[in-house]
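In: no sequence on hand, only this structure:
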């Protein structure tokens, strides 16, 4: 990931993952001074979704219909991008 950020000459990168980072991955992140790589792991992602009510019901339970609709949109986006390749 950091190489992609460096190649683009970006100031920072953002990695969003539903998983928890291993201890070695967390230590590695501290070794990059420029560009900076921010990570939003599964726990932080879940907390953010709950905080802003994204994909959750009022009870705090996941809204499975919301996530199913994302999958449908994702499939259409992949098909669209594939059709535009030259």
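Out: It's in. As the structure is a prediction and not an experimental result, all values here were calculated from the model.

In: and the strands in the chain?
Out: With strands called from DSSP state E, the chain shows them at 12-16, 36-40.

In: can I get those strands in a markdown table including mean neighbour count, mean pLDDT and distance to residue 58?
Out: In short, each C-beta sits where N, CA and C put it, glycine included. Output for these, formatted as a markdown table (neighbours: other CB atoms under 10 Å; pLDDT from 0 to 100; distance: least, CB to CB, whole Å):
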| stretch | mean neighbour count | mean pLDDT | distance to residue 58 |
| --- | --- | --- | --- |
| strand 12-16 | 14 | 85 | 25 |
| strand 36-40 | 14 | 84 | 24 |
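
In: how close does the residue nearest to the spatial centre of the chain sit to residue 72?
Out: The residue lying closest to the centre of the chain (CA atoms, centre = their mean) is residue 16, at 2.5 Å. Separation of residue 16 from residue 72 (CB to CB, to the nearest Å) stands at 20 Å.

In: skipping its backbone neighbours, what lies nearest residue 19 in space?
Out: In this structure, residue 19 finds its nearest non-sequential neighbour in residue 42, 5.4 Å apart by CB to CB, 6 or more residues apart in numbering.
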